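Q: I would like the atomic coordinates for the input below:
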Amino acid sequence: MKSSSLVAAAVSASALAWVLAAAPAAAADVARPVPAAAVQPAVAAARPAPAAPPAGSAPALDKREIRAQLMPRRYTTLAAEIGAKVSRLPVAEGGRFGAGQVLVSFDCSLQQAQLNKARAALSAAEKTWHANQRLNELNSVGKVELDVSEAEVAKARAEVASNQAVLGKCSTAAPFAGRVAEQKVREQQYVQAGQALLEILDDSVLELEFIVPSRWLAWLAPGTGFQVAIDETGRTYPAKVQRIGARVDPVSQSVKLAAAIDGRFGELVAGMSGRVLMAPPPGKP
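A: Purely as a prediction, here's the structure:
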């Protein structure tokens with residue numbers, strides 16, 4: 001029994017020594033870096049190839065949603081032409097007015113007084129001139145004195161005309177029919193010449209401005225009809241192309257269009273925006 005135990009112990013010690021001797025070599029094999037040349041083919045084979053773009057794919061502009069904004073046909077800012085106090089603003093903000101209607105009235109009592117003074121001076125100058133004319137017929141006045149009195153009449157008339165022109169600017173009339181978009185002053189406020197008074201617009205025809213691919217020019221023309229979906233109302237409205245831009249953008253290959261809503265719709269207001277529903281006809285690019 002003793003000899004068997006000794007043999008078994010010797011065998012175990014021999015096996016342990018072999019394992020300890022082989023362990024460093026195995027660890028060295030694990031730590032040794034794998035050559036990159038051996039890894040790259042495998043990675044390249046695993047990476048999926050990039051998908052090729054479909055033939056005849058449309059440019060980015062064709063895929064974008066074409067947006068447009070409603071704009072008034074005409075709009076402007078009315079400004080004061082004289083320094084005076086605002087006496088009346090007969091049309092409230094958002095109100096409608098007709099062409100030639102007075103939109104702003106000024107207190108021009110000082111300008112009226114100056115006109116009256118100029119008219120009185122003209123009357124005096126005319127009387128002096130007429131008297132000198134009669135004296136000239138009697139050879140009782142010199143030529144120079146007669147000419148000077150005539151020049152004084154011309155000067156007084158010019159002064160009257162100047163004051164009449166100033167007095168004519170004491171009210172501001174509408175250049176076209178439309179609506180008051182914004183009041184920039186209030187009644188009884190003193191304003192200076194050149195100060196903005198009102199922003200007005202003509203909403204009788206609402207226009208749209210938007211950009212389309214330039215190759216659509218092959219079939220687009222003034223009068224081309226389409227639809228536009230307005231965000232604020234949730235409805236679709238007919239429109240027609242009015243003008244085509246005079247220049248094509250060479251970078252984006254696009255062109256600007258101006259169109260108008262075809263008809264009158266009371267719910268539409270300048271500043272609303274929407275989506276243009278326009279596409280090339282069959283067989284067109």
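Q: so residue 71 touches residue 210, yeah?
A: No. In terms of CB atoms under 8 Å, residue 71 does not count as a neighbour of residue 210; the distance is 10.9 Å. Heads up, the C-betas are built off the backbone N, CA and C, glycines and all.
Q: counting by contacts, list what the lengthiest strand in the chain packs against.
A: Taking DSSP state E as the criterion, the chain has its longest strand at strand 196-213. On a contact count with 3 or more CB pairs under 8 Å, 6 or more residues apart in numbering; DSSP states H and E, strand 196-213 meets helix 60-63, strand 67-79, strand 102-107, strand 178-183, strand 254-261, strand 273-277.
Q: quick one: the strands in the stretch 51-200 of the chain, in order.
A: 67-79, 84-88, 96-97, 102-107, 171-173, 178-183, 190-191, 196-213 (DSSP state E, counting those that start in this stretch).
Q: switch those strands over to CSV; also include mean neighbour count and distance to residue 230.
A: Shown next, in CSV, are these (neighbours: other CB atoms under 10 Å; distance: least, CB to CB, whole Å):
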stretch, mean neighbour count, distance to residue 230
strand 67-79, 17, 7
strand 84-88, 17, 36
strand 96-97, 15, 21
strand 102-107, 19, 29
strand 171-173, 15, 33
strand 178-183, 18, 18
strand 190-191, 16, 37
strand 196-213, 19, 10
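Q: for those strands, give me a markdown table that also has distance to residue 274.
A: As requested, the strands of the stretch 51-200 of the chain are exported to a markdown table (distance: least, CB to CB, whole Å):
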| stretch | distance to residue 274 |
| --- | --- |
| strand 67-79 | 6 |
| strand 84-88 | 38 |
| strand 96-97 | 24 |
| strand 102-107 | 31 |
| strand 171-173 | 34 |
| strand 178-183 | 20 |
| strand 190-191 | 38 |
| strand 196-213 | 8 |
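Q: save these as TSV, and put in distance to residue 249 and mean pLDDT too.
A: Shown next, in TSV, are the strands of the stretch 51-200 of the chain (distance: least, CB to CB, whole Å; pLDDT from 0 to 100):
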stretch	distance to residue 249	mean pLDDT
strand 67-79	16	92
strand 84-88	45	95
strand 96-97	38	94
strand 102-107	40	96
strand 171-173	40	94
strand 178-183	31	94
strand 190-191	42	95
strand 196-213	8	92
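Q: number of residues surrounding the residue nearest to residue 122 when sequence neighbours are not counted?
A: The shortest distance from residue 122 to any non-neighbouring residue, by CB to CB, 6 or more residues apart in numbering, is to residue 156 (3.7 Å). Residues within reach of residue 156, counting by other CB atoms under 10 Å, total 20.
Q: any idea how far residue 84 is from residue 156?
A: Noted for residue 156: a distance of 24 Å to residue 84, by CB to CB, to the nearest Å.
Q: try residue 157
A: From residue 157 across to residue 84, the span is 25 Å (CB to CB).
Q: what's the answer for residue 65, then?
A: In this view, residue 65 and residue 84 are 50 Å apart by CB to CB.
Q: next: residue 100.
A: 21 Å.
Q: helices along the stretch 1-150 of the chain, start to end?
A: Assigned by DSSP state H, counting those that start in this stretch, the stretch 1-150 of the chain shows helices spanning 2-31, 36-46, 60-63, 109-137, 143-167.
Q: same for the fourth one, what does it pack against?
A: Spelled out, it's helix 109-137. The contact analysis (3+ CB pairs under 8 Å, 6+ apart) places helix 109-137 against helix 143-167.
Q: now do the last one
A: The elements that helix 143-167 packs onto, with contact taken as 3+ CB pairs under 8 Å, 6+ apart, are helix 109-137.
Q: tell me the angle the helix it packs on makes with helix 143-167.
A: Put simply, helix 109-137 runs at 160 degrees to helix 143-167, going by axes from the mean of the first three to the mean of the last three CA atoms, to 10 degrees.
Q: buried residues, helix 109-137. List them.
A: For helix 109-137, the neighbour count (16 or more other CB atoms under 10 Å) marks 111, 114, 115, 118, 121, 122, 125, 126, 128, 129, 132 as buried.
Q: would you reformat these as a markdown table and include distance to residue 269?
A: Below are the buried residues of helix 109-137 laid out as a markdown table (distance: CB to CB, whole Å):
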| residue | distance to residue 269 |
| --- | --- |
| 111 | 38 |
| 114 | 44 |
| 115 | 43 |
| 118 | 47 |
| 121 | 53 |
| 122 | 52 |
| 125 | 57 |
| 126 | 57 |
| 128 | 63 |
| 129 | 61 |
| 132 | 67 |
